[in-house]
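>>> sequence and computational prediction follow.
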Amino acid sequence: MVFTFQPPFWAGLSGYCAEMNAAFCCASLGIVPTVRHADYIGSWLEVLREDNRAIVRAASQASKAADWLLGFVPADGAALSAEPAIDRRAA
C-alpha cells in the first residue's frame, strides 16, 4: 500500500465520502449505525466552507461505492433475512 500526502481539503472529502458510503450501505441493509466519528465533523465543515459543491461530489462517489458493494448482496435478499448461526458449544 502506498500512502501519499493529501491536502486537508481532499483528506476531509475522502473521509466524508467514506462516512456517507457507510450510511448508504447501513440504510440499504437495515443496519442501525453507531455514530463514533464526531471528530470528522470539524474537517467536513472546513471542506464545505471551502467548496460548497463538495457534498455533491462526495455523495456521488459514496453512492457509486455503495452500489458496487451492495452488488455483492444476493438479489433475493436471503443474506439480509438469515439469522447468523451461533455456535453454542464450549470452546
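Received, thanks. Numbering: from 1, shown residues only.

>>> residue 62 touches residue 17, doesn't it?
Yes - contact criterion C-beta atoms under 8 Å: residue 62 and residue 17 qualify, at 4.8 Å. Yep, even glycine has a C-beta here, placed from its N, CA and C like the rest.

>>> the chain: helices as residue ranges?
8-29, 40-50, 54-70, 78-81 (DSSP state H).

>>> for those helices, give me TSV that also has mean pLDDT and mean neighbour count.
Formatted as TSV, these follow (pLDDT from 0 to 100; neighbours: other C-beta atoms under 10 Å):
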stretch	mean pLDDT	mean neighbour count
helix 8-29	75	17
helix 40-50	72	14
helix 54-70	88	15
helix 78-81	53	10
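
>>> in this structure residue 54 contacts residue 17, no?
No - look at residue 54 against residue 17 with C-beta under 8 Å: they stay out of range, at 9.6 Å.
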